[in-house]
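Trainee: Got a predicted structure plus its sequence, pasted below:
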Amino acid sequence: MQLFRSFARLLVCGLLVFALGACAAGPTAGLQSYQSPDGRFAFLYPTGWTQVQVSNGPRVVFHDLIHSDETVSLMINNVDDKDALTDLGSAVAVGERLRREVIATAGSGRTAELVEAGEREANGHTFYDLEYAVHLEDRDRHELATVVVDRGRLYTLATSTNEERWPKVKDLCSRVVRSLNLLV
C-alpha cells in the first residue's frame with residue numbers, strides 16, 4: 001500500500017510538471033504585452049526587450065538587449081477613412097509597395113525580396129502577413145510584417161533579425177506579428 005501511494009504521488013507530480021510545462025510553452029510564452037496609451041491597439045513583444053524612442057519613424061520600437069539589431073516596430077500611417085485593406089490591393093501588391101517605399105527605398109543601399117504574402121481574418125479585420133529577405137551591403141536580414149487598416153489608419157507591425165538568427169527566432173517573430181490586435 002505504501003508503494004502504491006508513493007507511485008500515485010509521483011504520477012500526480014509528473015502530471016503537474018507536464019501540465020505546467022505545456023502552459024509555459026503556449027502562444028504567449030516568452031512574450032510581454034504592449035498596449036498603446038490611447039487604447040487603440042496592443043501587441044506582444046519578446047520578454048526582456050526594451051522600448052526605444054525614435055524621432056520621425058515608427059510609433060513604437062522594441063529591441064533585444066543582447067542582439068540589438070533584432071527589432072519589433074509599429075508604424076501607423078493615415079489612409080482614406082473609406083478604404084479597407086483590400087482597397088489598397090492584394091497581399092502581394094501591398095507587400096511589394098511596402099518593399100519599394102519602406103524597406104528598400106531607392107538609394108538606401110538595401111534590396112529586398114517579398115518571399116511570401118498571405119491574407120488572414122482576425123477579430124473582424126483583414127490582415128496581410130508578409131515575409132521579406134533583405135540584403136544590405138554587409139549582411140542579410142529577414143523581416144516579417146503584418147498590415148491592417150482600421151478607421152483611416154494603416155498599421156504595420158514588423159519584426160526584423162539577422163539572417164543567421166532567423167532559424168532560431170522565426171517562430172517567435174511570427175507570434176509577435178500575428179499578435180497585433182485592434183482594440184477600439
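Mentor: Happy to help now that I have it. From a predicted model like this one, the values you see are computed outputs, not experimental measurements.

Trainee: now the strands for the protein?
Mentor: For the chain, the strands defined by DSSP state E cover 31-35, 41-46, 50-52, 60-63, 71-78, 111-122, 125-135, 140-150, 153-162, 181-182.

Trainee: so what strands line up beside the fourth one?
Mentor: Based on DSSP bridges, the pairing partners of strand 60-63 within the sheet are strand 50-52 (antiparallel), strand 71-78 (antiparallel).

Trainee: With adjacent residues omitted, what lies nearest to D80?
Mentor: G152 (6.8 Å; CB to CB, 6 or more residues apart in numbering). All C-beta spots, glycine's among them, are computed from the backbone N, C-alpha and C.

Trainee: wait, isn't R97 in contact with G89?
Mentor: Yes - when contacts are counted by CB atoms under 8 Å, R97 is listed as touching G89 (7.1 Å).

Trainee: Tell me how far the closest residue to S179 other than its chain neighbours lies from L85.
Mentor: Of all residues not flanking S179 in the chain, L44 sits nearest, at 3.9 Å (CB to CB, 6+ apart). The gap separating L44 from L85 is 21 Å, by CB to CB, to the nearest Å.

Trainee: And for A42?
Mentor: For A42 relative to L85 (CB to CB), the value is 19 Å.

Trainee: who has more neighbours, these two?
Mentor: Counted by other CB atoms under 10 Å, A42 and L85 do not tie: L85 has more neighbours, with 21 against 14.

Trainee: bridging residues for the residue nearest to S179?
Mentor: Beta bridges link L44 to S33 when assigned by DSSP bridges.

Trainee: quick one, what contacts it?
Mentor: Contacts for L44 were tallied using CB atoms under 8 Å, 6 or more residues apart in numbering; they are 28, 31-34, 175-176, 179.

Trainee: can you check N123 too?
Mentor: Taking CB under 8 Å, 6+ apart as the definition, contacts of N123 comprise 181-182.

Trainee: Let's see that with 10 Å instead.
Mentor: The contact partners of N123, by CB atoms under 10 Å, 6 or more residues apart in numbering, come to 148, 180-183.
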